[in-house]
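Student: Sequence and predicted structure are below.
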Amino acid sequence: MSSPTNEPLTVNRDCEAILIPDGTAIEVPEGSVVFITQALGGNYTINLNGNLAQIGAKDADALGYDIPQEALIQEPAILPDGSFNEDLVWAQMRTCYDPEIPINVVELGLIYDCKISKLDDEQHRVDILMTLTAPGCGMGEFLAADVSSKVATIPTVTQVDVELAFDPPWSMEMMSEAARLEAGLF
């Protein structure tokens with residue numbers, strides 16, 4: 001299947017989803033009719049009976065899609081000089097989108113810090129400090145888990161810790177210029 005349309009889509013098998021904005025896990029039954037409202041970073045935001053929910057890349061086939069190429073790592077994790085390719089971590093975080101805002105978490109300014117530590121035997125640990133656009137957002141744990149699972153797909157990364165922090169509080173000034181332009185804030 002190509003890109004999403006405004007056409008109704010019938011789910012071809014039971015699959016997991018997360019309700020937006022409260023983050024509650026649900027099961028979307030086979031045969032459900034949904035509309036895809038956003039397809040970014042391998043995740044699909046759907047309208048199911050008037051409710052928004054997000055289906056992850058692992059269940060893309062339930063919607064008739066393959067895992068998008070952008071979700072697959074194409075570069076080596078270890079550079080020729082032996083150092084870890086930190087760009088891969090940032091690229092993976094850029095595949096994580098707020099399910100209500102079509103802007104990735106990096107461009108939204110939600111990533112406060114990213115530290116990479118070398119462990120024994122060419123393995124690496126990644127510690128990420130991130131925030132949310134609103135402290136009470138029910139999607140916080142889901143967004144943190146999405147960031148963690150995507151960074152964990154990088155070869156040699158064996159540990160990922162994503163911590164949510166709210167100091168300093170997020171503000172629109174933290175968004176990249178491109179994100180503010182895309183959101184119509186210029």
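Tutor: Structure's in. What do you need?
Student: Heading C-terminal from the top helix by length along the chain, find the next helix or strand.
Tutor: As assigned by DSSP state H, the longest helix anywhere in the chain is helix 140-151. Next helix or strand after helix 140-151 toward the C-terminus (DSSP states H and E): strand 157-164.
Student: got the contact list for that next one?
Tutor: Residues outside strand 157-164 that contact it (C-beta atoms under 8 Å, 6 or more residues apart in numbering): 77, 89, 119, 123-132, 140-141, 144-145, 147-148, 151-152. C-beta: built from backbone N, CA, C; applies to glycine.
Student: before we move on, back to that, I'd like the mean pLDDT over the longest helix of the chain, please.
Tutor: For helix 140-151, mean pLDDT rounds to 90.
Student: So Val89 is in contact with Val151, correct?
Tutor: Yes - checked against C-beta atoms under 8 Å, the pair Val89 and Val151 is within contact range at 5.7 Å.
Student: State the helix or strand in which Arg180 lies.
Tutor: With DSSP H and E as criterion, Arg180 is part of helix 177-182.
Student: list the buried ones in that helix?
Tutor: 179-180 (16 or more other C-beta atoms under 10 Å).
Student: same check, this time on stretch 97-111
Tutor: In stretch 97-111, counting by 16+ other C-beta under 10 Å, buried: 97-99, 101-111.
Student: What of stretch 160-176?
Tutor: In stretch 160-176, counting by 16+ other C-beta under 10 Å, buried: 160, 162, 164, 170, 174-175.
Student: where's the residue located most distally from the centre of the chain relative to Pro169, distance?
Tutor: Within the chain, the residue lying farthest from the chain centre (C-alpha atoms, centre = their mean) is Asp81, at 29.9 Å. Separation of Asp81 from Pro169 (C-beta to C-beta, to the nearest Å) stands at 39 Å.
Student: Show me what the helix holding Arg180 is packed against.
Tutor: Helix 177-182 sits against no helix or strand, with contacts defined as 3 or more C-beta pairs under 8 Å, 6 or more residues apart in numbering; DSSP states H and E.
Student: ok, residues contacting it?
Tutor: For helix 177-182, with C-beta under 8 Å, 6+ apart as the criterion, the contacting residues are 102-103, 107-109, 172, 186.
Student: Distance from the chain centre to that helix, please.
Tutor: 18 Å (C-alpha atoms, centre = their mean, to the nearest Å).
Student: what does stretch 24-33 give?
Tutor: On C-alpha atoms, centre = their mean, the centre of stretch 24-33 falls 20 Å from the chain's centre.
Student: hmm, who's touching that stretch?
Tutor: 8-19, 34, 46, 48, 53, 55, 62, 138.
Student: let's see it at 7 Å
Tutor: Applying C-beta atoms under 7 Å, 6 or more residues apart in numbering, the contact partners of stretch 24-33 are 8, 10-19, 48, 53, 55.
Student: buried ones in that stretch?
Tutor: By 16+ other C-beta under 10 Å, the buried positions in stretch 24-33 come out as 28, 32.
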